[in-house]
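J.: Here is a sequence together with a model predicted from it:
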Amino acid sequence: MAATKDGLVPITRAYLAKYYDKYELPPLPEEVSGLIDELRSLSEDLVKRDPLSIDEQGVYNEVYGEPVHKIDENLWKNREQMEEILFLLNSTRRPKSIQDSEIASQLDETEVKFKEMLNKLQQFQVKNADNVFNTVLTYMPQDFRGTLIRQQRERSERNKQAQIDALINSGGKIKDKYALLWNQQMERRRQLAQLGSATGVYKTLVKYLVGVPQVLLDFIKQINDDHGPMEEQRERYGPSLYKLTKMVLTIRLFLLLMWARSVKIEKEQVSVLKRAADLYITEFEKFINFIREVFINSPFFISAEEAGTAESSDEFKETIIPAGKTHEVVLTVEAINSYIAWDFTLIQGTLTLDIGFHVEYVSPSGEKTLILPYRRYDSDQGNFCTVLAGSYKLVWDNSYSSFFKKSLKYKVDAIPPVVEPPQEPILESENS
């Protein structure tokens, strides 16, 4: 079943603006700016003692520079900074001059809170990505096309995780890891846009996207454009997130400078650090909870059921299989790793009937090899990836029936290989 266009309207920035009017983000407390200024002042005092190193200069430039623009890019930036802060807060990397138990305890508490917040952010990002993808799939015809797109995503995600693992195992730095993670996020965006226009990795599925609402495809193509629908979200909710991004960068800079200089760590300094970290984590968690509710209830996340569903019958063929007879369809594939896919059901009357079904490979010499064993069904949907080019015969078998003809409704296809574009290499950064 696929969602119809009935009742759907173009998902534009103006359309989203009406929705976002219902969700007003509370302003950040004034203390956020105050603690940022206080940490900057303490950091400047440390810079006066010793000039900035290359690594410190990079963080310093981010603290005083313009924040990145997109919501998700800021979330990734916050996640990166949390991991960098946890790297510094690890007890093995703290200055050996820290002997005061109260200071050590405050640093321990801050470390635990950052770990918890990092975990919450990671879970939020995973669930949000799954929501977007699964929502798109609800609008796909519920047959082998959706299955192939899901399989493509699963392969792609496994490849992405393998890249991350390889980078970490080779000694990659945190900044290198997040450069790769963001590049992978950009690839997910490109794949969504490709799905919307049936290009690139989805080019071979272009003729199989019949029945998907054009409204949804258009939205997928433009969702992340600089002046697309999501710009409304950035203008409304971006400033608070940008301020929190500045705050976490400032916390990291202060830690980096304090650890690198041979100065006595004062209780007052650590107290300011802890107050800033506590407030940052509190406000960032509030923002995550708020934006989660916005995402979940956003109009572009309306389910196929809510939109109304209707089966598209123009893609199906119908045939009558007499008692004692079979119906065969031969599909030819020109390359291995193509897909043979089918979707069929018997049109039932007063009796519940079934039909035998199997798939076999037919070699150029006529030799047959069973691919899918014989079994009786009233309906079935499936696909498999071919290991040989050539002819595949799909057989519906009613030979066992002496009296009942069967009314079969079906569609089948041979789909060329879905090839993922090569990943651009990520150059290792000089900075951590």
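T.: Alright, I've got the coordinates.
J.: rest of the way, CA atoms for contacts and neighbours
T.: Noted.
J.: tell me the mean pLDDT over the helix or strand harbouring residue 255?
T.: For residue 255, the element it lies in under DSSP states H and E is helix 231-260. Average pLDDT, helix 231-260: 94.
J.: Stretch 71-78 now?
T.: pLDDT averaged over stretch 71-78 gives 92.
J.: in that stretch, what's buried?
T.: 71, 74-78 (16 or more other C-alpha atoms under 10 Å).
J.: With secondary structure as extra columns, can I get the residues you listed in a markdown table?
T.: Shown next, in a markdown table, are the buried residues of stretch 71-78 (DSSP: H, G, I helix; E, B strand; the rest coil):
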| residue | secondary structure |
| --- | --- |
| 71 | helix |
| 74 | helix |
| 75 | helix |
| 76 | helix |
| 77 | helix |
| 78 | helix |
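J.: just curious, which of the residues you listed is nearest to residue 186?
T.: Nearest to residue 186 among the buried residues of stretch 71-78: residue 76, at 11.8 Å, using C-alpha to C-alpha.
J.: Let me see the contact set for that closest one.
T.: 178, 182 (C-alpha atoms under 8 Å, 6 or more residues apart in numbering).
J.: for residue 168, same thing?
T.: Contacts of residue 168 by C-alpha under 8 Å, 6+ apart are residue 177.
J.: how about stretch 402-418: buried residues?
T.: 405-418.
J.: and residue 335, which of the three is it?
T.: Assignment for residue 335 (three-state DSSP): coil.
J.: How many residues are close by the residue nearest to it when sequence neighbours are not counted?
T.: Counting by C-alpha to C-alpha, 6 or more residues apart in numbering, residue 335 lies nearest to residue 389, which is 5.1 Å off, once chain neighbours are set aside. Other residues near residue 389 come to 15 when the count uses other C-alpha atoms under 10 Å.
J.: With residue 364 instead?
T.: Residues near residue 364, counting by other C-alpha under 10 Å: 9.
J.: partners of the closest residue to it other than its chain neighbours in the sheet?
T.: Distance criterion C-alpha to C-alpha, 6+ apart; nearest residue to residue 364, sequence neighbours excluded, is residue 390 at 7.5 Å. Beta-bridge pairing for residue 390 (DSSP bridges): residue 333.
J.: can I assume residue 390 is in contact with residue 367?
T.: No. The pair residue 390 / residue 367 is not scored as a contact, 11.8 Å apart, by C-alpha atoms under 8 Å.
J.: following the helix ranked longest in the chain, which helix or strand shows up next?
T.: Identified as the longest helix of the chain according to DSSP state H is helix 101-138. As assigned by DSSP H and E, the chain's next helix or strand after helix 101-138 is helix 144-169.
J.: For the helix or strand harbouring residue 320, give me every contacting residue.
T.: For residue 320, the host element (DSSP H and E) is strand 317-321. The contact list for strand 317-321, computed with C-alpha under 8 Å, 6+ apart, reads 327, 398, 405-411.
J.: and which of these is nearest to residue 237?
T.: residue 411 (46.6 Å).
J.: Tell me where the stretch 251-400 of the chain has strands.
T.: Assigned strands in the stretch 251-400 of the chain, in chain order: 309-310, 317-321, 326-333, 339-346, 355-362, 368-377, 379-385, 390-397 (criterion: DSSP state E, counting those that start in this stretch).
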